[in-house]
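Colleague: I'll drop the sequence and a predicted model, then ask my questions.
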Amino acid sequence: MNAPAAAAAVTSPALRSALGRFATGVTIVSCRGGDGQPVGLTANSFNALSLEPPLVLWSLRQSSPSVDAFIAAPHFAVNVLAASQVELSRRFASRVDDKFALGLWSGGSQGAPVLAGCAAVFECATESHQVVGDHVLFIGRVLALSESQLPPLLFQAGHYRLLGEVL
C-alpha cells in the first residue's frame, strides 16, 4: 500500500488538487429564472443530506452569473448525467448562450427543466440557501425523482471518467 504524500500547505490550488482525488458524479442543476427562461449549469457539488425528510444539497460559487436566479427560484432540478451525456456537461460548464438547445428538456412537475436520458433526476423545492465561504449552499426538499439503470458520468482529477467494475 502506498503511503499518502506529505501534508501540503492549505492553499487554494493544493485544496483543489486534493479534492480532485475524490470522484464525484456530474449533474446539471436547472431552474427557471425570474423571466421564466431556463437557467442551468454543470455541478459536481451535489450530495444527499437527509432521507427523512428527503433533502439534498449542492453549492454554487457566489461569483457565478447564475447565482441570483437560483437564489430567487422556488424550485430546482438536479439532473444526474449518464455516461453518454458528457457533451451536455461540457456545454453547461461553458458560457454558450443557449445551453438548452441541446438535449431533450421538459418542464418538471414544479416547472424546473428536466433532462431526458439521465441516470437520475431530483426535482426539489428550495428549502434554504446560505453563503458559506465563497459559495452559496442550496438545500432542496425532494418532491419527485426518477432513475434509470444507465451508468453515471463521473469526474475525478480534472477529467471525466466512466464507472468500472471492481475486480
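Modeller: Alright, I've got the coordinates.
Colleague: Determine the number of other residues adjacent to the nearest residue to R32 once chain neighbours are set aside.
Modeller: Taking C-beta to C-beta, 6 or more residues apart in numbering as the measure, R32 lies nearest to G111, with 5.6 Å between them; neighbours along the chain are not counted. Quick note: C-beta positions are derived from backbone N, CA and C, even for glycine. Here the neighbour count serves as a burial measure; for G111 (other C-beta atoms under 10 Å) it reads 16.
Colleague: Also the one 3 residues further on?
Modeller: With neighbours defined by other C-beta under 10 Å, the count for V114 comes to 23.
Colleague: Least confident secondary structure element in the chain?
Modeller: Averaged element by element with mean pLDDT, DSSP states H and E, the chain has its least confident helix or strand at helix 12-19 (a mean of 83).
Colleague: In contact with L49: list those residues for me.
Modeller: Residues counted as contacts of L49 (C-beta atoms under 8 Å, 6 or more residues apart in numbering) are L55, V56, L57, I139.
Colleague: Out of those residues, which is nearest to N47?
Modeller: Of all these, N47 sits closest to L57, with 5.5 Å by C-beta to C-beta.
Colleague: Next, the buried residues of the helix or strand that closest one falls within.
Modeller: With elements delineated by DSSP states H and E, L57 resides in strand 55-61, which encompasses its position. Taking 16 or more other C-beta atoms under 10 Å as the neighbour-count basis, strand 55-61 is seen to contain the buried residues L55, V56, L57, W58, S59, L60.
Colleague: I'd like to know the average pLDDT value across the following helix or strand past that strand.
Modeller: Heading C-terminal from strand 55-61, the first helix or strand you meet, by DSSP H and E, is helix 67-72. Across helix 67-72, pLDDT averages out at 97.
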